[in-house]
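K.L.:
Please work out how this folds:
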Amino acid sequence: MKKKPIIGIVGGIGAGKSTVAEEFGKLGCAVISADTLNHEILCEPEVKAQIVEWWGQTVLDSQGRVDRGTLGGIVFEEEESLQKLCRLVHPLILKRQEELTEKYLSDPAVPAVVLDVPLLIEVDQYKLCDCLVFVEADDAVRHRRLREKRGWGEEKIKKIENFQFMLDKKAKISEYTVINNSDIPDLAKQVAVLLSVVLGNQDKERD
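P.N.:
Presented below is the predicted three-dimensional model:
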């Protein structure tokens, strides 16, 4: 069976990593989104019960589900709380991620597997990847997106950025870069070219 590449998406918060992953998905790649997996895992009764025990009923929304915005506001205030949450959910996310990766790698219809995983470098999951794609966007663009889409202020953005690996280091260890300052058609062209290069390099390695 031909070995398929596992592509990791990295970049600063608000750079548009999930948008890049979606473009890979449109080209037939299997996208594994940690955000989607996290949402599913937070709905599991045992996980929800533990979160409520730690931080109280205020983390639940009107439907009784974990409100990720409220929970994020709590855990990003102190590293100890963030680490506690990570120890709870990350092993579960990783297990599900591994199961999906194995499934997609054995699917002949899938040309590549794309990992859309926040903190991919910070928690060493980038070592699972054959290559990394750095999504570059100007600070002003990233911050504007976060204000408009998530309603975050500069103080909150800076707090969360403090937990993430420095952008220049992410860029340095990435094999490829896409620029996401403008529009979707431009981004789609970059991703299509990049995938062609990655698949071409994979073929050369097999020869």
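K.L.:
Tell me how far the spatially most central residue of the chain lies from E175.
P.N.:
When CA atoms, centre = their mean is applied to the chain, the residue found nearest the centroid is V117 (2.6 Å). Noted for V117: a distance of 17 Å to E175, by CB to CB, to the nearest Å. C-beta: built from backbone N, CA, C; applies to glycine.
K.L.:
just D67 next, same as before
P.N.:
For D67, the distance to E175 - CB to CB - is 37 Å.
K.L.:
returning to what we had before: so for the residue nearest to the centre of the chain, what's the pLDDT?
P.N.:
According to the prediction, V117 has pLDDT 88.
K.L.:
Kindly report the same for the one 3 residues further on.
P.N.:
Per-residue confidence at L120 stands at 83 (pLDDT).
K.L.:
again, but for C131
P.N.:
96.
K.L.:
Go ahead and confirm it touches L194.
P.N.:
No: distance between C131 and L194: 9.5 Å, which falls outside the contact criterion (CB atoms under 8 Å).
K.L.:
Pull up the overlap in contacts between the two.
P.N.:
Y176 (CB atoms under 8 Å, 6 or more residues apart in numbering).
K.L.:
Of the two, which one has the most company?
P.N.:
Neighbours per residue (other CB atoms under 10 Å) separate C131 from L194, with L194 holding more: 21 against 18.
K.L.:
list the helices and strands the helix or strand of the chain with the lowest mean pLDDT packs on?
P.N.:
Lowest by mean pLDDT, DSSP states H and E among the helices and strands of the chain is helix 154-161, with a mean of 76. Packing contacts for helix 154-161, counted by 3 or more CB pairs under 8 Å, 6 or more residues apart in numbering; DSSP states H and E, involve helix 139-150.
K.L.:
Give me the angle between the helix it packs on and helix 154-161.
P.N.:
100 degrees (axes from the mean of the first three to the mean of the last three CA atoms, to 10 degrees).
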